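Peer 1: coordinates for the following, if possible.
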Amino acid sequence: MTRVIQFAKAGGPEVLEFVDVAERAPGPNEIRIKVKAIGINRAESMWRTDIYIEPVKFPAGLGYEAAGVVDAIGADVTGIAVGDDVSVIPSFSMNQYFTYGEIVTLPDYAVVKHPKTLSYEEAASVWMMFITAYGALIEDAKVGKGDFVLIPAASSSVGLAAIQISRYAGATPIALTRTSAKKDQLLAAGAAHVIATSEQDLVAEVMRITDGKGARVAFDPIGGPAFPKLIDALSFQGIVYIYGALAEGDTPLPVLAMIAKMPTIKAHNIWLTSGDDARRKAAVEYVTKGLASGALKPVIDRKFAFDDMVEVHRYLENNGQFGKVVVTV
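Peer 2: Got it, this is the predicted structure:
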């Protein structure tokens, strides 16, 4: 028997329950992992409250990321062996697979041997943050020298990944944060500029930084009533990627400003990259190379124990973290 975390109804962190289940043998193209660390994501909080991009089938597991040791493989698995240190790429529905458990079984396409320089905690942190940012900024926008990139919620794990990837590609990252409390941390993390949106005029600051041209790309997990300001801060025919809904309310579209600037607004999620074999392989190679060079490095905010998962979700929803929240098992 092994312990996993499930929930039988949508609700607050208190609906999470520890459940004893029988270890199941991996089926064809599946890999079983003894989990050492779990990366925690906002998507899992939304999943728990059943407001995510697909409806939850109860009782449900949850979790997209983990790192650990392979203890069994199914038929037709290649390139991975028992005893390998591996980590998990978010590339599956949580209605089918999950990572909140002491021993979990996952599809082989979601499991990779991570660089040996990473600890289990770091390896459990890298794929959601870096592949989400890579998919928008590198794969699609192809940012590079001369580009300015606006990064709202910059102190989140994906925001920090976007800062690093922008710099790695030669672009100039502009970190957006609510107050100046995290300014020094964001600059130390690689941001070229930091704008405290509750203390400064976002559009005026962006235009000052870009000599009046605006930013070519905005990478936004928030939406909500401030969204029109991102349009105003863009360059002509700039691009906004919206990959989250932290504001939770409606997101207005400033029609006249859009007609004037002719921006492209794209919904974005990791699945466009991680759900395609060729794209996923290219992303892993890009991120692995960046990790090896030191240009990319996961930023861990805080570590918790597996038994404290309810408190983990409470902490996540306070929105105070700087980087990734990780659970050790």
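Peer 1: show me which strand runs longest in the chain.
Peer 2: What stands out as the longest strand in the chain, according to DSSP state E, is strand 30-40.
Peer 1: which parts of that one are buried?
Peer 2: Residues of strand 30-40 classed as buried by neighbour count (16 or more other Cβ atoms under 10 Å): E30, I31, R32, I33, K34, V35, K36, A37, I38, G39, I40. For every residue, glycine as well, the C-beta is placed using N, CA and C.
Peer 1: please apply the same query to stretch 93-108.
Peer 2: For stretch 93-108, a neighbour-count test (16+ other Cβ under 10 Å) marks 94, 97-108 as buried.
Peer 1: show me the residues you listed that map onto strands.
Peer 2: Per DSSP E, the subset of the buried residues of stretch 93-108 in strands is I103, V104, T105, L106, P107.
Peer 1: how many residues are close by the nearest residue to the first one once chain neighbours are set aside?
Peer 2: So the one you mean is I103. Nearest in space to I103, with sequence neighbours left out and distances taken as Cβ to Cβ, 6 or more residues apart in numbering, is T2 at 4.3 Å. The number of residues packed near T2 is 15, by other Cβ atoms under 10 Å.
Peer 1: with the one 3 residues further on instead?
Peer 2: Number of residues near I5 (other Cβ under 10 Å) recorded here: 23.
Peer 1: cool, E248 as well?
Peer 2: E248 has 11 nearby residues by other Cβ under 10 Å.
Peer 1: per-residue pLDDT, it?
Peer 2: You'll see E248 listed with a pLDDT of 79.
Peer 1: hmm, I222 and it touching each other?
Peer 2: No - E248 is beyond contact range of I222, at 9.5 Å (criterion: Cβ atoms under 8 Å).
Peer 1: quick check, nearest of the buried residues of stretch 93-108 to V126?
Peer 2: Nearest to V126 among those, counting by Cβ to Cβ, is T99 at 13.9 Å.
Peer 1: check contacts around Y286.
Peer 2: If you count contacts by Cβ atoms under 8 Å, 6 or more residues apart in numbering, Y286 has them with Y134, I138.
Peer 1: now do the same for it: helix, strand or coil?
Peer 2: helix (DSSP: H, G, I helix; E, B strand; the rest coil).
Peer 1: now do K266
Peer 2: Classification of K266 using three-state DSSP returns strand.
Peer 1: not counting its neighbours along the chain, what's nearest it?
Peer 2: In space, K266 is closest to Y241, 5.3 Å off (Cβ to Cβ, 6+ apart).
Peer 1: any chance of the backbone angles for the one you found?
Peer 2: phi -100, psi 120 (degrees, to the nearest 10).
Peer 1: can you confirm G212 is in a strand?
Peer 2: No - G212 is assigned coil when assessed by three-state DSSP, not a strand.
Peer 1: pLDDT score for it?
Peer 2: 98.
Peer 1: adding distance to G68, write the buried residues of stretch 93-108 out as TSV.
Peer 2: Shown next, in TSV, are these (distance: Cβ to Cβ, whole Å):
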residue	distance to G68
M94	18
Y97	14
F98	14
T99	9
Y100	13
G101	10
E102	9
I103	9
V104	8
T105	12
L106	10
P107	15
D108	15
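Peer 1: and K182, what pLDDT?
Peer 2: Looking at K182, its pLDDT is 96.
Peer 1: grab the nearest non-local neighbour of G74.
Peer 2: P26 (3.8 Å).
Peer 1: sorry, wrong one. I was asking about D232.
Peer 2: V203 (4.7 Å).
Peer 1: tell me the SS of that neighbour?
Peer 2: helix.
Peer 1: burial measure for it, as a count.
Peer 2: As a measure of burial, V203 has 17 neighbours, counting by other Cβ under 10 Å.
Peer 1: same deal with S235?
Peer 2: 18.
Peer 1: mind putting the ones in strands among the buried residues of stretch 93-108 in CSV, distance to A124 included?
Peer 2: Below are these laid out as CSV (distance: Cβ to Cβ, whole Å):
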residue, distance to A124
I103, 15
V104, 12
T105, 17
L106, 13
P107, 17
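Peer 1: nearest to E317 among these?
Peer 2: Of those, the one sitting nearest to E317 (Cβ to Cβ) turns out to be V104, at 23.6 Å.
Peer 1: you'd agree the closest one is up against I33?
Peer 2: Yes - the pair V104 and I33 passes the contact test of Cβ under 8 Å, sitting 5.7 Å apart.
Peer 1: can you list residues touching both of these two?
Peer 2: A66.
Peer 1: contacts only, for the closest residue to E30 other than its chain neighbours.
Peer 2: Distances taken as Cβ to Cβ, 6+ apart put G74 closest to E30, at 4.3 Å, once the chain neighbours are dropped. Neighbour list for G74: A25, P26, G27, P28, N29, E30, I31, D108 [criterion: Cβ under 8 Å, 6+ apart].
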